[in-house]
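>>> next one to model:
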Amino acid sequence: MQQRIIFVCLALTLVLAGCNQPHSSGEKPKQELRLNLHTEPPALDPRKATDTVSIAVINMCFEGLYKLGAQNEAIPALAERVELSEDQLTYTFYLRKALWSDGKPITAHDFETTWKSILEPHFNCHFASDYYVIKNAKEAKEKSCTLDEVGIKALSDQILEVKVAHPTPYFLSLIASHAFIATPAHIVTKHPHWAKEASPLFVGSGPFMLKKWRHYDEIIVEKNPYYWDKDAVILDRISLPMIPDESTELNMFESGALDWAGKPFSALPTDSMPALERTGRVDTYPIAATYYYIFNTKVFPFNNVHIRRAFALAINRQEIIDNVLQAHQLPASGLIPPSMWQSHYFTDGDIKMAQKEFAIGLKELGIKSENFPSITLSYNTSEGHHKVAQAIQGQWLKALGISVKLENKEWKVFLNDVNKCQFQVARMGGVASFHDPVTFLDLYKYASNSNNHTQWFNPRYAELMERADRTPDPMQRIPLLKEAEKILIEEMPLAPIYFYTSSYLKKPYVKGVLLTEIGDADFKTAYIENPR
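A predicted model of the protein is given here:
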């Protein structure tokens, strides 16, 4: 999510000398927004990013054919309009006249080149499967046809034709995700490392452009003078220091050094949530996202389904929400967030059933409980992730007598290890890219999916997902997806823990920020108003 699921990441720097100060009533406010990015983005090439930190910056600097609007609907962006053929298999996009941030025209050829580069068999892209609804996209990635046979073709500089393999009712929402953003062909083809630094080579299409990138320290974006809708953009600059400690971030917000704290780019300290709630200053809203642990199903002992089920069932989710998180999250007994559908597949904290499953698993593995090995639980650096891991460590010890080692890693190291399947149990978070359950479920359709870090595969699950793909009627399609989710939870390659909420603080003079159901923030129309 990702798919798409995208991974949720929740370094210490000096406060910038040019911070905004309160303005007198007659003074024009400085149009600079300051918020914490929390950590170094692993990749700012839209074709390679899979994490929320990278995607947050990418969404400032790039725009796709469509984007999500205020009601979470797909609205035109670089595409002015689209025509859909009567058989619902051909989309014809008419691009508006727009420019890259270096003044060069954005064309349909940029989209064709970018999308087909993702489908190159040797191009390492973790969300290539998002493209598989397009005619021959999967076949091209797997070398069974050429890229010329893929249903993506620029008919002219302003017209892009896309043929899908079957009617896809969520297609416009799908292409509104960052996975379908075009990169500048005139730059990318000549400079493969164009997105590694803030330089004239970093060319974008969004309301802002990358001005500065001090790695592990700070990113600054500034208004893009070539953006097609530049008159709607009021902010001159967004400053993004990278402060890993949530308490430091909160203190900087309280002192006036930041205008925003918490989600969507960081998190508020869990210990501070009760007091912040009492003051009524914190804003909290549900998003279509799930926090879960993944099991490496190819390594002992999680190659056994009963062991996986035992670990998942022994987690008391409500206890974690009440005593650790304290931000109105909901316990998850399924993968799909309640904004899409309600699912309940097991009882939270079912110790008796967990112990029963554990006993079966031990028998099948041929080991005794006293010989069960210590387990390593991996997560990326965050106060919240650490406290959740500590709580679950204690629950597993109490319920199953299991010794658990906690392994905390810096974000880029964590992602690299998970991508290489170098873990036993790992913390993960899935955020919807568009409003449809397949954004979560597609991730586990194929073991070959590079984002399926569990390495789990079930033929029946894959069959149901394939049938759902070819069933445009929601009344017939949704039951197929629900049956697939049931199989996923029964075999437990992952343990759902809770459904996210987003909690944040912002200064009252920050206006016009659009927060979406999928956890994104759109700063295109944001501005700083004179404080009263």
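>>> check contacts around the closest residue to residue 134 other than its chain neighbours.
Of all residues not flanking residue 134 in the chain, residue 151 sits nearest, at 5.1 Å (Cβ to Cβ, 6 or more residues apart in numbering). C-beta here means a position set from N, CA and C on the backbone, and glycine is covered the same way. Residues counted as contacts of residue 151 (Cβ atoms under 8 Å, 6 or more residues apart in numbering) are 134, 135, 136, 137, 161, 162, 163, 164, 165.
>>> and the fourth one, what does it touch?
By that I understand residue 137. Residue 137 makes contacts with 119, 128, 131, 150, 151, 152, 165, as judged by Cβ under 8 Å, 6+ apart.
>>> so how far is residue 121 from it?
For residue 137, the distance to residue 121 (Cβ to Cβ, to the nearest Å) stands at 12 Å.
>>> just the ones of the contacts of residue 151 in helices?
residue 137 (DSSP state H).
>>> so which of the contacts of residue 151 is the most crowded?
Counting neighbours by other Cβ atoms under 10 Å, residue 137 leads the contacts of residue 151 with 27 neighbours.
>>> what score does that one have for pLDDT?
pLDDT, residue 137: 97.
>>> ok, back up a step: closest to residue 48 out of the contacts of residue 151?
Nearest to residue 48 among the contacts of residue 151 is residue 137, at 17.8 Å by Cβ to Cβ.
>>> which ones are touching the residue nearest to the closest one when sequence neighbours are not counted?
Once flanking residues are discounted, residue 137 sits nearest to residue 131: 4.3 Å by Cβ to Cβ, 6+ apart. By Cβ under 8 Å, 6+ apart, the contact set of residue 131 is 115, 118, 119, 137, 138, 141, 179.
>>> so residue 97 sits right up against residue 228, yeah?
Yes: counting by Cβ atoms under 8 Å, residue 97 touches residue 228, with 7.4 Å between them.
>>> tell me how many other residues crowd residue 284.
Residue 284 has 17 neighbours, counted by other Cβ under 10 Å.
>>> next one: residue 142
By the criterion of other Cβ under 10 Å, residue 142 has 12 neighbours.
>>> any idea how far residue 43 is from it?
In terms of Cβ to Cβ, residue 142 sits 24 Å off from residue 43.
>>> residue contacts, residue 287?
By Cβ under 8 Å, 6+ apart, the contact list for residue 287 reads 337, 431, 500, 501, 502, 516, 517, 518, 519.
>>> to clarify, my last question referred to residue 525.
Residues near residue 525 by Cβ under 8 Å, 6+ apart: 232, 233, 234, 512, 514.
>>> just among those residues, which is most surrounded?
Sorting the contacts of residue 525 by how many neighbours each has (other Cβ under 10 Å) puts residue 233 first, at 20 neighbours.
>>> tell me the pLDDT of that one.
Predicted confidence (pLDDT) for residue 233: 97.
>>> so residue 147 makes contact with residue 122?
No: with contact defined as Cβ under 8 Å, residue 147 and residue 122 do not form a contacting pair (11.9 Å).
>>> those two: which has the busier surroundings?
Ranked by neighbour count (other Cβ under 10 Å), residue 147 and residue 122 place residue 147 first, with 17 against 6.
>>> and that one, how far is that from residue 442?
Residue 147 is 22 Å from residue 442, where distance means Cβ to Cβ.
>>> what's the answer for residue 348, then?
Distance, residue 348 to residue 442, using Cβ to Cβ: 26 Å.
>>> and of the contacts of residue 151, the nearest to residue 223?
residue 162 (31.1 Å).
>>> let's verify the closest residue in space to the closest one that isn't next to it in sequence: helix, strand, or coil?
Once flanking residues are discounted, residue 162 sits nearest to residue 91: 4.5 Å by Cβ to Cβ, 6+ apart. Under DSSP: H, G, I helix; E, B strand; the rest coil, residue 91 falls in the strand class.
>>> what do you get for residue 140?
What three-state DSSP gives for residue 140 is helix.
>>> who are the packing partners of the helix or strand hosting residue 467?
Taking DSSP states H and E as the definition, residue 467 sits inside helix 459-469. Contacting helix 459-469 under the criterion 3 or more Cβ pairs under 8 Å, 6 or more residues apart in numbering; DSSP states H and E are the following elements: helix 438-441, helix 474-491.
>>> figure out which of these is closest to residue 319.
Residue 319 sits nearest to helix 474-491 of all these, at 20.2 Å, using Cβ to Cβ.
>>> pretty sure residue 235 contacts residue 522?
No: in this structure residue 235 lies outside contact range of residue 522 using Cβ under 8 Å: 11.7 Å.
>>> so between these two, which is more surrounded?
residue 235 (23 against 18).
>>> in terms of helices and strands, where is residue 413?
Residue 413 is part of helix 411-419 when elements are defined by DSSP H and E.
>>> that helix: what's the following helix or strand?
Using DSSP H and E, the helix or strand that follows helix 411-419 towards the C-terminus is strand 425-432.
>>> give the other helices and strands that that following strand contacts.
Applying 3+ Cβ pairs under 8 Å, 6+ apart, one finds that strand 425-432 makes contact with strand 5-7, strand 283-295, strand 375-380, helix 383-400, helix 411-419, helix 438-441, strand 494-506.
>>> let's have the ones you listed in JSON lines, adding mean pLDDT and distance to residue 457.
Shown next, in JSON lines, are the helices and strands packed on strand 425-432 (pLDDT from 0 to 100; distance: least, Cβ to Cβ, whole Å):
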{"stretch": "strand 5-7", "mean pLDDT": "43", "distance to residue 457": "17"}
{"stretch": "strand 283-295", "mean pLDDT": "93", "distance to residue 457": "14"}
{"stretch": "strand 375-380", "mean pLDDT": "96", "distance to residue 457": "22"}
{"stretch": "helix 383-400", "mean pLDDT": "96", "distance to residue 457": "26"}
{"stretch": "helix 411-419", "mean pLDDT": "91", "distance to residue 457": "18"}
{"stretch": "helix 438-441", "mean pLDDT": "93", "distance to residue 457": "14"}
{"stretch": "strand 494-506", "mean pLDDT": "95", "distance to residue 457": "14"}
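>>> of these, which is nearest residue 80?
Ranking the helices and strands packed on strand 425-432 by proximity to residue 80 (Cβ to Cβ) places helix 438-441 first, at 26.1 Å.
>>> any idea how far the closest one is from the chain center?
Distance, stretch centre to chain centre, for helix 438-441: 12 Å (Cα atoms, centre = their mean, to the nearest Å).
>>> buried ones in it?
If you call a residue buried by 16 or more other Cβ atoms under 10 Å, then helix 438-441 has these buried ones: 438, 439, 440, 441.
>>> that helix packs against which elements?
Contacts defined by 3+ Cβ pairs under 8 Å, 6+ apart place helix 438-441 against strand 425-432, helix 459-469, helix 474-491.
>>> got the angle between the shortest one and strand 283-295?
Looking back up the chat, that one is strand 425-432. Between strand 425-432 and strand 283-295, the angle comes out at 130 degrees (axes from the mean of the first three to the mean of the last three Cα atoms, to 10 degrees).
>>> swap in the last one?
Between the axis of helix 474-491 and that of strand 283-295 there is an angle of 60 degrees, by the same axes, to 10 degrees.
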